[in-house]
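Engineer: Build me a model:
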Amino acid sequence: MKKAKKVIAMMAMVTVIISCFPALQVGAAAPQIYDTEIFMYQGEISETYLYIQNPTKTGKITGLKNSNPKVAKVSVYQKNQLKVRPKSKGTTKISFKYAGKKLSAKITVVNWENPCAKFKIGKKDYAEYFERTDQYILSGQKKNRKVKIDISPASGWKLLKIERSGVNKSGGMVMLKTKNHSNIKLSVKDGGMAVYAHFKNKKTGEKRVLMFWYTL
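Structural biologist: This is a model prediction of the structure:
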């Protein structure tokens with residue numbers, strides 16, 4: 001368990017963050033929260049990290065406000081990143097300033113439900129590993145692998161999109177859109193990578209992201 005937590009923390013700092021310190025280019029998109037509506041589940045052990053997409057070189061998070069701290073504990077983790085830990089069922093809204101721009105997000109804590117019927121990476125289906133958690137860590141990997149992704153939603157859920165972490169030409173971390181039933185490379189470079197499957201509940205509108213980690 002301790003090893004898994006260390007891997008999660010490492011990957012959260014290295015893989016999940018998209019280009020934390022690039023210089024802002026002329027004509028570049030304005031800074032924004034990667035996801036402005038976050039669903040978490042009650043009793044979740046690991047934190048969720050909310051990061052700034054299109055960060056500036058000198059920007060930092062200031063004036064953080066949390067409308068309902070009984071629902072979730074929110075704190076500044078890095079100058080471009082927030083750490084969120086769920087506490088009890090309910091909804092809270094957070095707001096803050098970044099590079100002179102006011103940003104906000106809605107956080108909802110609910111009971112956990114596995115949104116996938118199939119989460120096949122290569123020859124193995126990992127769907128059962130998401131019955132009680134939103135992430136699975138396949139650690140101890142020694143080499144890169146080329147695999148096919150095959151993911152399908154559970155009844156009442158819709159698969160919105162699939163992404164994987166990657167590196168751009170300047171060495172910054174990026175999220176790469178990935179087609180279902182396509183072949184991808186699982187890489188152990190820089191400690192590993194992750195595959196993200198985004199789902200939405202057809203009835204409630206709740207969104208969930210399942211994370212499959214491929215690490216050293």
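Engineer: going forward, measure contacts between C-alpha atoms and count neighbours the same way
Structural biologist: OK.
Engineer: Any stretches of the protein with poor pLDDT?
Structural biologist: For the chain, the stretches flagged by pLDDT under 70 are 1-28, 45-46, 170-172.
Engineer: mind listing what K83 touches?
Structural biologist: Counting by Cα atoms under 8 Å, 6 or more residues apart in numbering, K83 touches 47-50, 74-77.
Engineer: quick one: it from I61, how far?
Structural biologist: Distance of K83 to I61, computed by Cα to Cα, to the nearest Å: 12 Å.
Engineer: Identify the contacts common to these two.
Structural biologist: V76.
Engineer: sorry, back to before: going by neighbour count, which of the contacts of K83 comes out on top?
Structural biologist: Counting neighbours by other Cα atoms under 10 Å, the top entry in those is L50, with 23 neighbours.
Engineer: What number of residues are in the vicinity of the nearest residue to that residue once chain neighbours are set aside?
Structural biologist: Nearest residue to L50 in three dimensions, chain neighbours excluded: L82, at 5.0 Å (Cα to Cα, 6 or more residues apart in numbering). Neighbour count for L82, taken as other Cα under 10 Å: 18.
Engineer: do you know how far F96 is from D150?
Structural biologist: Distance from F96 to D150, counting by Cα to Cα: 38 Å.
Engineer: Quick one: the helices in the protein, in order.
Structural biologist: Using DSSP state H, the helices of the chain run over 2-11.
Engineer: Just grab the bridge partners of F199 for me.
Structural biologist: Per DSSP bridges, the residues bridged to F199 are L159, R208.
Engineer: Any idea how many residues pack against it?
Structural biologist: F199: 24 neighbours (other Cα under 10 Å).
Engineer: residue contacts, it?
Structural biologist: Counting by Cα under 8 Å, 6+ apart, F199 has contacts 115, 153, 157-161, 207-209.
Engineer: E206: neighbour count?
Structural biologist: Neighbour count for E206, taken as other Cα under 10 Å: 16.
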